[in-house]
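Asker: need coordinates for the following:
(one chain, ligands or ions: 2)
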Amino acid sequence: MYEVLVADSISNEGLAPLLEASNVNLTRKKVTEVEDLLHTYDALLVRSATTVTEDLLDKMKNLKIVARAGVGVDNIDIEASTKRGVVVINAPNGNTISTAEHTFAMMASLVRHIPQGNISVKSREWNRSAFVGTELNRKHLGIVGFGRIGSELAKRAKAFNMTVHVYDPFLTTSRAEKLGVDLLSLDDLLAVADIITVHTPLTKDTKGLLNRETLAKTKKGVYLLNCARGGIIDEEALAYYLEIGHVQGAAIDVFEVEPPTDNPLLNFDQVITTPHLGASTKEAQLNVAEDVAYDVLRFLEGNPVSSSINLPTLSKDVFEKIQPFTSLTKQLGAVLSQCMKEPVQDISVTYAGTVADLETTYITRSLLSGFLTHRIDRSVNEVNASMIAKERGITFGEKISDNTQGYANIIEVVVKGESRTFSITGTYIKDYGPRVINIDSFDIDFYPEGHLLYIRHTDQPGVIGNVGKALGDLDINIATMQVGRKQKGGEAIMMLTFDRLIEDATIESLKQASEIVTIQRIEL
Ligand SMILES: NC(=O)c1ccc[n+]([C@@H]2O[C@H](COP(=O)([O-])OP(=O)(O)OC[C@H]3O[C@@H](n4cnc5c(N)ncnc54)[C@H](O)[C@@H]3O)[C@@H](O)[C@H]2O)c1
Ligand SMILES: O=C(O)CC[C@@H](O)C(=O)O
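Answerer: Ligands and ions are numbered 1, 2, ... in the order given. Model prediction:
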């Protein structure tokens, strides 16, 4: 049974996939109400009220996935989640239209003083001259950040006959042309726009993007909107330009600190606000809840998620295609880690044949996770494997080759240690399964699973028989045995598989034979 904690207000109807799943036990409580049970949850679903800190992650020892029912993940410590192997997902599409519509509504309200007019009438005033507005028609709208919401807003603005200018360093000129907008530098946009609205994520680059210096480049009488994240427009700077009359008005849905209390912007009549309502529609809340509910269920049941922040996103079809190879590389990594008993500096993997056309980054992550699992005392998976490898100074890389050695696919891994190099090659054979076909330059053929002994010995008559007899005398049944050598009378290897773990004492007694060079136990 999977334990799922829904810590914020998320649409019940949208959570139906989880509520109806027979393998899920869903709890709707704030984190503070279940302090004693935090270590039991497999999944945590939040909106923006819960902040997923490193401290919370430490308490949630069993946590595998954090889902944000919405776009912004700035309330989740992504680095700390990744470090712990916790997948972070969001629902990036479900509230785009609602937020674009809300921004448009704020823009129209701002230039026509609708909120102020409403307050005035309800105060029994009839002061029509105080609320003379401005048309949107033929005005220049500057959109900073032209992703999902920015581009939806542009469509609506164009329908109102506005000229749309955009600034987005990641937008190509051809896409801007296709969407019928004028792509400018930030300075040019600031100089030309009558109304400026921000739609970027909040990052170290966008925090305070509109500040005292950049706002000074705007037209006198400009209107500003922030329906993205508090802090993209610096609040102190905006207050300053409102105070001196340079900025004519502002519409703010999001604040640096929410709820805002002593925020200077709240003192201006020409500032209209909403309490972070961009995504607050029935439709958006249903969409985002459904999106994360399906994704969390899929993830818990071992399937790919559709929108992950710290894992490559794979379709079900691609996930199914790569699964045999991720299992294979996990095993190859585990064999390597146990055979190569020394610190490693570099892991290099070469893909050939059908596997080379797949999402190899993900397959390499599985390899690293199989390798590292046997070396460190914390949970490693595809989410945190590359981060942990980097932390430990292990470099890794991928190559593609066309040498399939006669197989449909080949994965070769070479590990460089301080004193030596070790390699392993595997393949996945349809209807037959994963096979290791070469180990440390010895051709061999074994199924990487269970309890194994990897024995290096001199190639001479009687060694194989002696090992078999010694194990038989100890009443140990050999399940399979594969042998390999490079040349007659030289070094040779045996790979034995067993139905149970082989004890240290047995290994020590086998090592007594003079022909045996090394014996390595491998547990898969
Ligand atoms: N008010 C709300 O309730 C609400 C609801 C949904 C989303 N949001 C917020 O709206 C914002 C936009 O969401 P979205 O879904 O459109 O995201 P998105 O990822 O689709 O678009 C963001 C765009 O910003 C651009 N960008 C990134 N860094 C930039 C920079 N330094 N300068 C200029 N552009 C930059 C990106 O290239 C991208 O095109 C996010 O901050 C999100 O959290 C708010
Ligand atoms: O949960 C909300 O209502 C806000 C969502 C919004 O800020 C988002 O980033 O998706």
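Asker: helix, strand or coil for the residue of the chain at minimum distance from ligand 2?
Answerer: With C-beta to the nearest ligand atom as the measure, the residue in the chain that lies nearest ligand 2 is residue 70; the distance is 2.6 Å. Where C-beta positions appear, they are placed from N, C-alpha and C, glycine not excepted. Classification of residue 70 by DSSP: H, G, I helix; E, B strand; the rest coil places it in coil.
Asker: which residues does it contact?
Answerer: Residues in contact with residue 70 (C-beta atoms under 8 Å, 6 or more residues apart in numbering) are 47, 48, 90, 91, 94, 95, 279, 288.
Asker: max pairwise distance over those residues: which two?
Answerer: Using C-beta to C-beta, the contacts of residue 70 reach their maximum pairwise distance at 48 and 94, which is 14.4 Å.
Asker: so between these two, which is more surrounded?
Answerer: residue 94 (23 against 18; other C-beta atoms under 10 Å).
Asker: the residue of the stretch 151-300 of the chain found nearest ligand 1: neighbour count?
Answerer: Of all residues in the stretch 151-300 of the chain, residue 278 sits closest to ligand 1, at 2.5 Å by C-beta to the nearest ligand atom. When neighbours are counted by other C-beta under 10 Å, residue 278 registers 23.
Asker: quick one, what contacts it?
Answerer: 95, 98, 99, 102, 103, 227, 253, 254.
Asker: which bits of the protein sit near ligand 1?
Answerer: Where the chain comes near ligand 1, counting by C-beta under 6 Å from any ligand atom, the residues are 70-72, 92, 95-96, 99, 144-150, 167-170, 199-202, 205-206, 227-229, 253-254, 276, 278-279.
Asker: not including adjacent chain positions, what is the nearest residue to residue 362?
Answerer: By the measure of C-beta to C-beta, 6 or more residues apart in numbering, the closest residue to residue 362 outside its immediate chain neighbours is residue 312, 5.3 Å from it.
Asker: residue ranges with poor pLDDT in the chain?
Answerer: In the predicted model, the chain carries no residue with pLDDT under 70.
Asker: the longest helix in it is where?
Answerer: Taking DSSP state H as the criterion, the chain has its longest helix at helix 316-339.
Asker: what residues does this structure have near ligand 2?
Answerer: On the criterion C-beta under 6 Å from any ligand atom, ligand 2 has as its neighbours in the chain the residues 47, 48, 70, 71, 72, 95, 276, 278, 279, 280.
Asker: excluding chain neighbours, what is closest to the fourth one?
Answerer: Right, residue 71. Ranked by C-beta to C-beta, 6+ apart and with sequence neighbours excluded, the top spatial neighbour of residue 71 is residue 92, at 5.1 Å.
Asker: tally of neighbours for that neighbour?
Answerer: Summarising burial for residue 92: neighbours were counted as other C-beta under 10 Å, giving 19.
Asker: so who does it touch?
Answerer: Under the criterion of C-beta under 8 Å, 6+ apart, the neighbours of residue 92 are 71, 148, 307.
Asker: just put the residues you listed in a markdown table and tack on neighbour count and distance to residue 377.
Answerer: Converted to a markdown table, the contacts of residue 92 look like this (neighbours: other C-beta atoms under 10 Å; distance: C-beta to C-beta, whole Å):
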| residue | neighbour count | distance to residue 377 |
| --- | --- | --- |
| 71 | 24 | 36 |
| 148 | 17 | 41 |
| 307 | 18 | 31 |
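Asker: tell me how the protein divides into domains.
Answerer: Taking the TED database as the criterion, the chain consists of the domains 2-93+283-301, 95-273, 312-446, 450-523.
Asker: closest to the centroid, which residue in the protein?
Answerer: The central residue of the chain, meaning the one whose C-alpha is nearest the mean C-alpha position (C-alpha atoms, centre = their mean), is residue 310 at 1.6 Å.
Asker: and it, that's in a strand?
Answerer: No - assessed by three-state DSSP, residue 310 does not belong to a strand; its assignment is coil.
Asker: which helix or strand contains the nearest residue to it once chain neighbours are set aside?
Answerer: What sits nearest to residue 310 in space, not counting adjacent residues and going by C-beta to C-beta, 6+ apart, is residue 82, at 4.6 Å. When secondary structure is defined by DSSP states H and E, residue 82 falls within helix 78-83.
Asker: now residue 370
Answerer: When secondary structure is defined by DSSP H and E, residue 370 falls within helix 360-373.
Asker: can you state the direction angle for that helix and helix 316-339?
Answerer: Compare the direction of helix 360-373 with that of helix 316-339 by axes from the mean of the first three to the mean of the last three C-alpha atoms, to 10 degrees and you get 30 degrees.
Asker: in contact with residue 422, which residues?
Answerer: Neighbouring residues of residue 422 by C-beta under 8 Å, 6+ apart: 336, 339, 340, 414, 415, 440.
Asker: bridging residues for it?
Answerer: Partner residues in beta bridges with residue 422, using DSSP bridges, are residue 415.
Asker: so which residues of the stretch 101-250 of the chain form helices?
Answerer: If you assign secondary structure with DSSP state H, counting those that start in this stretch, the helices in the stretch 101-250 of the chain sit at 114-122, 148-159, 173-178, 186-192, 212-215, 235-243.
Asker: okay, these, which one's buried deepest?
Answerer: With neighbours taken as mean count of other C-beta atoms under 10 Å, the helices of the stretch 101-250 of the chain reach their highest mean count in helix 148-159, at a mean of 20.
Asker: centre of the chain to that helix, how far?
Answerer: A distance of 28 Å separates the centroid of the chain from that of helix 148-159, by C-alpha atoms, centre = their mean, to the nearest Å.
Asker: packing partners for that helix?
Answerer: With contacts defined as 3 or more C-beta pairs under 8 Å, 6 or more residues apart in numbering; DSSP states H and E, the packing partners of helix 148-159 are helix 96-112, strand 140-144, strand 163-167.
Asker: helix 96-112 and that one, what's the angle between them?
Answerer: For helix 148-159 against helix 96-112, the angle by the same axes, to 10 degrees is 50 degrees.
Asker: excluding its backbone neighbours, what's nearest residue 444?
Answerer: Spatial nearest neighbour of residue 444, excluding adjacent residues (C-beta to C-beta, 6+ apart): residue 484 at 4.2 Å.
Asker: element containing the one you found?
Answerer: Counting by DSSP H and E, the secondary-structure element that holds residue 484 is strand 478-485.
Asker: and the helix or strand just after the helix holding residue 82, C-alpha only, in PDB?
Answerer: Per DSSP H and E, helix 78-83 leads on to strand 87-90 as the next helix or strand towards the C-terminus. As requested, the backbone C-alpha atoms of strand 87-90 are provided in PDB (Å, rounded to 0.1, in the frame of the first residue of the first chain):
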ATOM      1  CA  VAL A  87      11.600  12.800  -7.900                       C
ATOM      2  CA  VAL A  88      10.000  16.300  -8.200                       C
ATOM      3  CA  ILE A  89       7.100  16.700 -10.700                       C
ATOM      4  CA  ASN A  90       4.800  19.500 -11.500                       C
END
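Asker: so who does residue 516 touch?
Answerer: Neighbour list for residue 516: 455, 456, 457, 463, 467, 510 [criterion: C-beta under 8 Å, 6+ apart].
Asker: pretty sure residue 237 sits against residue 209.
Answerer: No - taking C-beta atoms under 8 Å as the contact criterion, residue 237 and residue 209 are not neighbours in contact, 10.7 Å apart.
Asker: beta partners of the residue of the stretch 401-524 of the chain found nearest ligand 1?
Answerer: Ranked by C-beta to the nearest ligand atom, the top residue of the stretch 401-524 of the chain for proximity to ligand 1 is residue 411, at 34.4 Å. Residue 411 forms beta bridges with residue 351, residue 426, as assigned by DSSP bridges.
Asker: how much space between it and residue 363?
Answerer: 8 Å (C-beta to C-beta, to the nearest Å).
Asker: again, but for residue 232
Answerer: Here the criterion is C-beta to C-beta. By it, residue 232 lies 38 Å from residue 363.
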